[in-house]
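>>> no FASTA, just this:
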């Protein structure tokens, strides 16, 4: 939620709290009862969507994804150095072509190509494992690389799902706010016209002012609140 929306939510909650403190003032006004019940539902929905929006924040997921791919590049590079030395020593040119990647080449490539290169490094080193033992290549090292590759594959689609869920929550919030405002617009007229408790009415309209909206001379807020 942006700052304006958060201010509106704070105003909604303050108005609802005021209404809850003095139910005897508005409950005798028949049209106000279902109106306030609907407004209460809107506020609850708004809180839920706000929480969903926060939970579906892609920033943390992106950080985790970046950290995972950094680990993958490091593992690929270390294994590549050992496999490259072996391939050069034994003139294994096909293998050399598939494992010879400087770290800069692993950084400046697409995720899909990076995963493909990692898979080729893992494949060649596993097939040549007995010959690579003098180069301190272990099965555990190859397995660790394979695990990083397998775990990396779903990370980008997961981010897209999270982004989609956040987009849904973000698009829903303005609709809920508008629905709540429509109810308050009617309630404003009921309070001004039918509530006889002056202190209650003054407090109500003071709370109806959004925090970042300049104060007004009239007691009743304008229709854009």
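Good, I have the coordinates. Everything numeric here is computed off the predicted structure, so don't read it as measured data.
>>> Low-confidence regions, the chain specifically.
Residues of the chain meeting the criterion pLDDT under 70: 1, 53-63, 153-171, 210-225.
>>> buried stuff in stretch 108-118?
Across stretch 108-118, burial judged by 16 or more other CB atoms under 10 Å covers 114-115, 117-118. Bear in mind the C-beta positions are built from the backbone N, C-alpha and C, glycine included.
>>> which one of these is nearest residue 84?
Taking CB to CB as the measure, residue 84 sits nearest to residue 117 out of the buried residues of stretch 108-118, at 12.7 Å.
>>> roughly how far apart are residue 76 and residue 121?
Look at residue 76 and residue 121: by CB to CB, to the nearest Å, they are 6 Å apart.
>>> joint contacts of those two?
Common contact partners of residue 76 and residue 121 (CB atoms under 8 Å, 6 or more residues apart in numbering): 101, 145.
>>> Tell me how far the nearest residue to residue 15 once chain neighbours are set aside lies from residue 129.
Nearest residue to residue 15, sequence neighbours excluded (CB to CB, 6 or more residues apart in numbering): residue 207, at 5.1 Å. Going from residue 207 to residue 129 by CB to CB gives 72 Å.
>>> So for the two, which residue has more residues nearby?
With neighbours defined as other CB atoms under 10 Å, residue 207 and residue 129 compare such that residue 207 has more, 19 against 14.
>>> check contacts around the more buried one.
Counting by CB under 8 Å, 6+ apart, residue 207 makes contact with 11, 14-15, 18.
>>> do the same with residue 137
By CB under 8 Å, 6+ apart, the residues touching residue 137 are 79, 82-83, 86, 125, 129.
>>> Which ones among these lie within helices?
79, 82-83, 86, 125, 129 (DSSP state H).
>>> Perfect, that will be all.
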